[in-house]
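> Provide a 3D model corresponding to the input given below.
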Amino acid sequence: MFSGLFGKKKKKNLPNNGRTENAYEQTNSNHTEQPPEPKQKLVFHTQLAHGSPTGRIEGFANVRELYARIATSLSVPKEEILFCTLNSHKCDMTKLLGGQIGLEDFIFAHVKGQKKSVQLTKSEASLGLTITDNGAGYAFIKRIKEETIADSCRTLCVGDHIEAIDDKSLIGCRHFEVAKALKDIPLGATLTMTLVEPRKAFDMIAQRKAPQSTANSNNVGTGKATLRLRSKGPATVQAIPTESEDKAVGKIDDCLESFMGIRDTELASTIYEAGKTCSNPDQFVASLESQLGEFGFPENFIFDVWGVLSDAKRGTF
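Purely as a prediction, here's the structure:
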C-alpha cells in the first residue's frame, strides 16, 4: 500500500580510466595518498551458561552469524543454542541478548536441555505467557504472569523453547507468530505444548521465573559503545542510547507485550528509529509499513506507540 514512497537514490558514475580516483587524487596529484586506517577489530568472549572453557568470537554481522561463531568456538552444534545472555550465566531475561552488545560484554550461550510436554486448558482469553525469540528460529517464554493459567502450571518455566503446539512445529517461527497461534486457540480448548528447557548450571536448577525487570534493563551493556545487530544490513558500532531513548524503547517494548504478547528490544528499537523523525502519524504508519509490514501491527498499538514517540520528542518522560 505504501510501496514507492521511499525511492532509492541512484549512484553517480565516476570516471576511473582503468583505476579508482577520488577527490584527493584529482586535486592533489602531487601528493601520495595515505592508506586508510584499519577498521576496529571487535573480539568478544563467550562460555556455555552451564559451564565451559572461554571462547573468542569475531567477524559476525547479525544474530545468526553470531550463533554460528559461538557454536564453532565452543564446539557445539549451532542448532543447540536457544538464546544468549550478557554478563550473567543465569536464565535472566533482563540480561537477554537482543539487538545490542556492549563492546565489553561477556556472552553466555544457553543450550538445549530436557524436552518436556504440558497440557493446558484455555479457560481464559490469555494464557499469561509473554513470548520472545532468539532471532535465529527459536521462540521461547520470556515472562509468566502471576495468577494466570500458565502460572498454575509448575512445569512451565521462563526460558523454555516452545517447539510445538498440538504437534505443529514452531521451529523457525517468530515470536509474534507463536503468540498469535496461542491467541487463536479457542476458549475452552485443551492444547499440548512441546517445550525444551535450557540446560542449567547447578545454581539455576530451582529457578522458574525471571527476576523483575528494572527501569533501565534494556541497556545491559557494560562498554561505552554497543554493537548494534540488525536483521537487515550490517552490524554497526553505536554510542549507548541516551536515557530518553532507552525509556522510549522500553515503553514501546511494553506496548508490544500489551498488544501482541511479545517482548523484543531489538524490534522496539527499530520501531523507535522508524518513527523518531516522522512529523505526523501518517508518516509513521508509512514508515512502519515500509520497514516492518510483515508484523501487521494493530491500530491501537500504533496509536499508543505514536504517543510514546511524541512524549520522547517533547522530553516529558
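> hey, let's count contacts and neighbours off CA atoms from now on
Will do.
> and the lengthiest strand in the chain, what does it pack onto?
Ordering each strand of the chain by length in residues (DSSP state E) puts strand 106-121 first. Applying 3 or more Cα pairs under 8 Å, 6 or more residues apart in numbering; DSSP states H and E, we find strand 106-121 packed against strand 44-48, strand 81-86, strand 190-198.
> pull up the pairing partners for the first one, direction included.
If you go by DSSP bridges, strand 44-48 pairs up with strand 55-57 (antiparallel), strand 106-121 (parallel).
> picking that back up, next, the angle from the first helix or strand past the longest strand of the chain going along the chain to strand 81-86.
Moving toward the C-terminus from strand 106-121, the next helix or strand (DSSP states H and E) is strand 129-133. Angle, strand 129-133 to strand 81-86, by axes from the mean of the first three to the mean of the last three Cα atoms, to 10 degrees: 90 degrees.
> closest to Tyr272 out of the helices and strands packed on strand 106-121?
Using Cα to Cα as the measure, strand 81-86 is the one of those that comes nearest Tyr272, at 22.8 Å.
> now the angle between strand 190-198 and the closest one, please.
For strand 81-86 against strand 190-198, the angle by the same axes, to 10 degrees is 60 degrees.
> got the contact list for Ser88?
Counting by Cα atoms under 8 Å, 6 or more residues apart in numbering, Ser88 makes contact with Lys95, Ile107, Phe108.
> which of the residues you listed lies closest to Arg154?
Closest to Arg154 out of the contacts of Ser88 is Lys95 (23.3 Å), distances taken as Cα to Cα.
> following the longest helix along the chain, which helix or strand comes up?
As assigned by DSSP state H, the longest helix anywhere in the chain is helix 243-260. Moving toward the C-terminus from helix 243-260, the next helix or strand (DSSP H and E) is helix 265-275.
> hang on, the earlier thing: looking at the strands paired with strand 44-48, which is nearest to Pro77?
Smallest distance to Pro77 across those (Cα to Cα): 9.5 Å, for strand 106-121.
> report the mean per-residue pLDDT for stretch 112-125.
Mean pLDDT, stretch 112-125: 96.
> using PDB, list the CA coordinates for that stretch.
Extracted in PDB, the C-alpha atoms of stretch 112-125 (Å, rounded to 0.1, in the frame of the first residue of the first chain):
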ATOM      1  CA  LYS A 112      19.000 -27.200  24.800                       C
ATOM      2  CA  GLY A 113      18.400 -29.300  27.900                       C
ATOM      3  CA  GLN A 114      15.500 -31.600  28.700                       C
ATOM      4  CA  LYS A 115      12.400 -31.900  26.500                       C
ATOM      5  CA  LYS A 116       9.000 -31.900  28.200                       C
ATOM      6  CA  SER A 117       5.300 -31.700  27.300                       C
ATOM      7  CA  VAL A 118       2.500 -29.900  29.100                       C
ATOM      8  CA  GLN A 119      -1.300 -29.700  28.600                       C
ATOM      9  CA  LEU A 120      -3.200 -26.500  29.300                       C
ATOM     10  CA  THR A 121      -6.900 -25.800  29.100                       C
ATOM     11  CA  LYS A 122      -7.600 -22.300  27.800                       C
ATOM     12  CA  SER A 123     -10.200 -21.300  30.400                       C
ATOM     13  CA  GLU A 124      -9.400 -17.600  29.900                       C
ATOM     14  CA  ALA A 125      -8.700 -15.400  26.900                       C
END
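> can you list contacts of that stretch?
Defining contact as Cα under 8 Å, 6+ apart, one finds that stretch 112-125 is touched by 80-82, 149-150, 153, 155-156, 183, 185-200.
> check contacts around the nearest residue to Val308 once chain neighbours are set aside.
The shortest distance from Val308 to any non-neighbouring residue, by Cα to Cα, 6 or more residues apart in numbering, is to Ala248 (6.3 Å). Counting by Cα under 8 Å, 6+ apart, Ala248 makes contact with Tyr272, Val308, Leu309, Ala312.
> pLDDT added to those, as a markdown table?
A markdown table is the format used below for the contacts of Ala248 (pLDDT from 0 to 100):
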| residue | pLDDT |
| --- | --- |
| Tyr272 | 95 |
| Val308 | 96 |
| Leu309 | 96 |
| Ala312 | 93 |
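> out of the residues you listed, which are inside helices?
Members of the contacts of Ala248 lying in helices (criterion: DSSP H): Tyr272, Val308, Leu309, Ala312.
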